[in-house]
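[1] dropping the sequence and predicted coords here.
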Amino acid sequence: MKLFGQTGRVTAESKVRGWLVVAGLSLAGCATLPSDGATASVKRFDNLRAVRYCEVLLIGGNALTKELQAAIYNTTDLNNSANPRDTCPEALWDKIDAGALKKQYEVLGVFKNGPRTWTMDWIELPVGSLRTFGGLQAYWMAQLQLPKDVNPHEKGSSAYKPMQVQRKSVMTFQKDKPVFILNDPQGTPWVMQASSQIVDPMLTYEQLSTLGNRLKLPSGWKYRVSILDRDLTIEAIDGVAHIMQDEFQNTYDECFSTACTYRP
């Protein structure tokens, strides 16, 4: 199937590797990430639902102690004036050489995170420097602290494991539209902010309503779809957002009491 006029194909590298399998990840050593978030200013992106995008993650930190961070660069609102609904044209995405970028930026590794599709309606957050990766433009949008128990050589090792992202974001899902939710064993809803075509290149926005039939949920977890009777806003508290992924690498934000306007 096609998405926004583009095929859903991803590179062979992305198909066979998990979301945290990075090009040439060093088993030892340290690397400092660019300070592209230092001068970030708040920007709002509207009409995001079902917009296709990609991310480039530069991985730094200490590989021996597993204190790893990822600087996240996002293509939203860039690269395709002819079709703004697809900000990650396949021809540009396929040309990105993660190994070459690793050497260029002198980092521990580089991960191509995408293609993805937004499931929110708008987001407001600080946006940092604009970089060009092999012809593809992307803004710095966040920095992610990677969980120590994620194995970069094991596909799916990040599934259902909470992570923290350093970003001062406010995102809204609009009234009368669907939200795709994972409930953890404590009953806390995790709301999908973006779906992924990394594991399943054919996964479309329309298929998210029945995604629960395909998920291999841990004990006590539940997937559901809810049509909102009012706008739902999720805010990062003290500059930190709590996120998680399922085995298809769809990404969810935790909707705890102080982060959400209400629990859907």
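    Structure's in. What do you need?
[2] where do the strands sit along the stretch 101-250 of the chain?
    Listed in chain order, the strands found in the stretch 101-250 of the chain under DSSP state E, counting those that start in this stretch are 109-118, 122-127, 130-133, 136-145, 163-166, 170-173, 178-183, 189-196, 222-227, 232-235, 240-245.
[3] if we compare the ones you listed, which one ends up closest to Q69?
    strand 136-145 (5.7 Å; CB to CB). (C-beta placed from N, C-alpha, C; glycine too.)
[4] direction included, what does that closest one pair up with?
    Sheet pairing of strand 136-145 (DSSP bridges) gives strand 67-74 (antiparallel), strand 130-133 (antiparallel), strand 163-166 (antiparallel).
[5] buried sites along it?
    By neighbour count on 16 or more other CB atoms under 10 Å, the buried set for strand 136-145 is L136, A138, Y139, W140, M141, A142, Q143, L144.
[6] now stretch 82-94
    Neighbour counts over stretch 82-94 (16+ other CB under 10 Å) mark R85, D86, T87, C88, P89, E90, L92, W93 as buried.
[7] export the residues you listed to a markdown table and tack on distance to R52 and secondary structure?
    Below are the buried residues of stretch 82-94 laid out as a markdown table (distance: CB to CB, whole Å; DSSP: H, G, I helix; E, B strand; the rest coil):
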| residue | distance to R52 | secondary structure |
| --- | --- | --- |
| R85 | 7 | coil |
| D86 | 5 | strand |
| T87 | 6 | coil |
| C88 | 6 | coil |
| P89 | 9 | coil |
| E90 | 10 | helix |
| L92 | 12 | helix |
| W93 | 10 | helix |
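[8] save the strands paired with strand 136-145 as JSON lines, and put in mean neighbour count too.
    Listed next are those as JSON lines, based on neighbours: other CB atoms under 10 Å:
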{"stretch": "strand 67-74", "mean neighbour count": "23"}
{"stretch": "strand 130-133", "mean neighbour count": "16"}
{"stretch": "strand 163-166", "mean neighbour count": "18"}
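[9] turn the ones you listed into JSON lines, including distance to V56.
    Compiled in JSON lines, the strands paired with strand 136-145 are given as follows (distance: least, CB to CB, whole Å):
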{"stretch": "strand 67-74", "distance to V56": "5"}
{"stretch": "strand 130-133", "distance to V56": "5"}
{"stretch": "strand 163-166", "distance to V56": "15"}
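[10] picking that back up, the strands of the stretch 101-250 of the chain: lowest mean pLDDT?
    With a mean of 84, strand 163-166 has the lowest mean pLDDT of those.
[11] now tell me what touches that strand from outside.
    Residues outside strand 163-166 that contact it (CB atoms under 8 Å, 6 or more residues apart in numbering) are 72, 142-147, 236, 239-244.
[12] now A63: how far from A236?
    27 Å (CB to CB, to the nearest Å).
[13] and of the buried residues of stretch 82-94, the nearest to D46?
    Each of the buried residues of stretch 82-94 was scored against D46 by CB to CB, and R85 proved nearest at 12.7 Å.
[14] where in the chain is pLDDT low?
    For the chain, the stretches with pLDDT under 70 are 1-28, 149-157.
[15] just grab the bridge partners of Y53 for me.
    Bridge pairing for Y53 - DSSP bridges - gives R116.
[16] my guess is it contacts I72. True?
    No. In terms of CB atoms under 8 Å, Y53 does not count as a neighbour of I72; the distance is 11.3 Å.
[17] closest to Q174 among the buried residues of strand 136-145?
    Out of the buried residues of strand 136-145, the member with the shortest distance to Q174 (by CB to CB) is M141, at 21.3 Å.
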